[in-house]
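Enquirer: Next input, structure requested:
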Amino acid sequence: MSPEDLCQRAALLDWLVFDVDGVLTDGRLYYTEHGEEIKAFHVRDGLGFRLAQRAGLRLGLLSGRRSAPLEKRASEFDFDVVLLGRSDKHATFETFLRQVETTPERVAYIGDDLPDLVVLRRCGLSFAPADATDEVRAVVDHVLSKPGGQGAVREMIEVVLKARGEWEKRLARYSIE
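Expert: Numbers count the residues shown, from 1 in each chain. Next up is the predicted model:
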């Protein structure tokens with residue numbers, strides 16, 4: 001994708017929507033001896049969420065799995081839409097579009113595996129972590145340099161904010177000059 005095309009498509013966005021396992025996490029599943037699920041999230045992704053929100057973007061989660069750690073993470077960052085425990089991503093994405101009254105062109109999505117393909121092919125701007133499946137990397141607009149759970153979400157947000165001309169404005173808050 002050309003830089004001009006990236007800027008044009010990023011300018012249309014209202015939504016950043018994320019798959020979870022393999023994107024916000026490294027894709028591995030951890031359980032305690034009592035069967036409770038544990039997930040590890042990258043702290044930089046969290047700051048990325050805040051930067052995106054401050055730039056006026058809305059956030060959504062689409063996940064085939066439901067988990068207490070994920071629900072906690074979503075509540076910490078006031079996600080606008082959280083659709084969990086839905087294995088049919090096509091139907092879930094259609095529900096999302098109707099629920100928020102938007103069109104696919106206004107949505108950027110990041111996914112890493114086969115169930116994400118249907119959403120990645122429809123959204124306005126698509127991303128994959130570096131360790132996504134070959135099939136996913138072949139169809140997305142941008143393959144990130146970071147793997148899932150290791151800052152890929154933050155990298156995606158930076159790409160979008162830079163393409164929209166928002167990045168420097170967001171950095172000013174952290175400048176000591």
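
Enquirer: now the helices for the chain?
Expert: 3-11, 43-54, 68-76, 89-100, 117-122, 134-139, 152-163, 167-172 (DSSP state H).

Enquirer: List the contacts of residue 20.
Expert: Residue 20 makes contact with 61, 63, 65, 70 under the criterion Cβ atoms under 8 Å, 6 or more residues apart in numbering. To be clear about C-beta, it is placed using only N, CA and C from the backbone, and glycine gets the same treatment.

Enquirer: Mind putting those into a markdown table with neighbour count, distance to residue 128 and pLDDT?
Expert: As requested, the contacts of residue 20 are exported to a markdown table (neighbours: other Cβ atoms under 10 Å; distance: Cβ to Cβ, whole Å; pLDDT from 0 to 100):
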| residue | neighbour count | distance to residue 128 | pLDDT |
| --- | --- | --- | --- |
| 61 | 22 | 17 | 93 |
| 63 | 23 | 16 | 88 |
| 65 | 14 | 19 | 84 |
| 70 | 22 | 20 | 82 |
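
Enquirer: Pick out the most distant pair among those residues.
Expert: Across the contacts of residue 20, the longest distance by Cβ to Cβ is 10.7 Å; it joins 61 and 65.

Enquirer: quick one on the thing from earlier: buried deepest among the helices of the chain, which one?
Expert: Most buried of those by mean neighbour count (mean count of other Cβ atoms under 10 Å) is helix 152-163; its value is a mean of 23.

Enquirer: which residues make contact with that helix from outside it?
Expert: Against helix 152-163 from outside (Cβ under 8 Å, 6+ apart): 3, 6-7, 9-11, 13, 16, 18, 23-24, 42, 44-45, 47-49, 51-52, 55, 57, 108, 110, 125, 127, 129-130, 142, 144-146, 167, 170.

Enquirer: Surely residue 66 touches residue 87?
Expert: No: when contacts are counted by Cβ atoms under 8 Å, residue 66 is not listed as touching residue 87 (10.6 Å).

Enquirer: out of those two, which sits in the busier spot?
Expert: Neighbour comparison, residue 66 and residue 87: the larger count goes to residue 66, with 14 against 10 (by other Cβ atoms under 10 Å).

Enquirer: Who are the contact partners of the nearest residue to that one once chain neighbours are set aside?
Expert: Nearest residue to residue 66 in three dimensions, chain neighbours excluded: residue 85, at 3.6 Å (Cβ to Cβ, 6 or more residues apart in numbering). Residues near residue 85 by Cβ under 8 Å, 6+ apart: 63, 64, 65, 66.
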